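Colleague: okay, sequence plus prediction incoming.
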Amino acid sequence: MIDEVPAVRLNVPASQHLEANRATDFTQAISRHAFGDSSGRMGCLLYDFGNVYQAVGPLMPNASALFRILVPPANNAKPQKDLSIEELNRAEETIDRVLDPLGDIDMNRPDASLIESELRHAASLLKHACRKGRWLLDRRSSNASDLANGLREIVAEHQRIWLVRNRPGGLADSSARLEKLIAEYESPS
């Protein structure tokens, strides 16, 4: 997704000189050095976006409830069973609140518009997970056909972004995970 070299350049010295770097505001540093954003807002936005998973519990190792709703684990565990519709609503509201200023941030990078598209796409995946979670908890909360159509739009954007950043290899497998979910929405249950 985003060029990781500037972040690595910040993290390695910071970890080697922890005491000297305690006062460093890394959201400001990432804004300036990775995104060319002198306002410091991009680093804060990314920090907050990276913590959206905390808006819905329970916390789980090496995953988030929203990801597990979108891509269920192989053991058929149902992460939504420990969630409430209110938590999923709060998560979706948090996503919207965190990304709201994105269009107003001035990134001085040649791929700034692509980065914005990537973040909006990631947000659309998380928001779809919220909708799917509510639907799994209460089938009356959404129409399966609407969920399938929304996910088709997400898959199309996923494919567009993938081909800008990556070679075609892996795209079919990556898209297949989401297309499988579309088929599940469309199968009678």
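Modeller: Yep, it's here. Values in this document were obtained by computation on a predicted structure and should not be read as measured data. Residues are numbered from 1 along each chain as shown.

Colleague: who's in contact with the residue nearest the centre of the chain?
Modeller: Compute the mean C-alpha point of the chain, and by C-alpha atoms, centre = their mean the closest residue is residue 122, 3.5 Å away. Under the criterion of C-beta atoms under 8 Å, 6 or more residues apart in numbering, the contact partners of residue 122 comprise residue 49. For glycine as for every other residue, the C-beta is placed from the backbone atoms N, C-alpha and C.

Colleague: look up phi and psi at residue 164.
Modeller: Note on residue 164: backbone dihedrals following degrees, to the nearest 10 are phi -80, psi -40.

Colleague: do the same with residue 60
Modeller: Dihedral pair for residue 60: phi -130, psi 150, per degrees, to the nearest 10.

Colleague: for it, grab the count of nearby residues.
Modeller: Neighbour count of residue 60, defined by other C-beta atoms under 10 Å: 15.

Colleague: quick check, pLDDT for the residue nearest to the centre of the chain.
Modeller: Per-residue confidence for residue 122 comes out at a pLDDT of 97.

Colleague: check the secondary structure at it for me.
Modeller: Classification of residue 122 into helix, strand or coil gives helix, according to DSSP: H, G, I helix; E, B strand; the rest coil.

Colleague: same check on the one 5 residues further on?
Modeller: Counting by three-state DSSP, the backbone at residue 127 sits in helix.

Colleague: wait, what's in contact with it?
Modeller: Residues in contact with residue 127 (C-beta under 8 Å, 6+ apart) are 92, 95, 96.

Colleague: buried ones among the residues you listed?
Modeller: The neighbour-count criterion (16 or more other C-beta atoms under 10 Å) marks 92, 95 among the contacts of residue 127 as buried.

Colleague: in JSON lines: the contacts of residue 127, plus secondary structure, distance to residue 104 and pLDDT.
Modeller: JSON lines is the format used below for the contacts of residue 127 (DSSP: H, G, I helix; E, B strand; the rest coil; distance: C-beta to C-beta, whole Å; pLDDT from 0 to 100):
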{"residue": "92", "secondary structure": "helix", "distance to residue 104": "21", "pLDDT": "96"}
{"residue": "95", "secondary structure": "helix", "distance to residue 104": "17", "pLDDT": "97"}
{"residue": "96", "secondary structure": "helix", "distance to residue 104": "15", "pLDDT": "97"}
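
Colleague: low-confidence regions, the protein specifically.
Modeller: Across the chain, the ranges flagged by pLDDT under 70 are 1-24, 76-77, 79, 188-189.

Colleague: for it, which segments are assigned as helices?
Modeller: For the chain, the helices defined by DSSP state H occupy 5-16, 18-21, 26-35, 41-50, 65-70, 85-99, 112-137, 144-165, 171-186.

Colleague: what's the most buried one of these?
Modeller: Most buried of these by mean neighbour count (mean count of other C-beta atoms under 10 Å) is helix 65-70; its value is a mean of 22.

Colleague: from the chain's centroid, how far away is that helix?
Modeller: Averaging C-alpha coordinates over helix 65-70 and over its chain gives two centres that are 11 Å apart (C-alpha atoms, centre = their mean, to the nearest Å).

Colleague: all good on my end, thank you.
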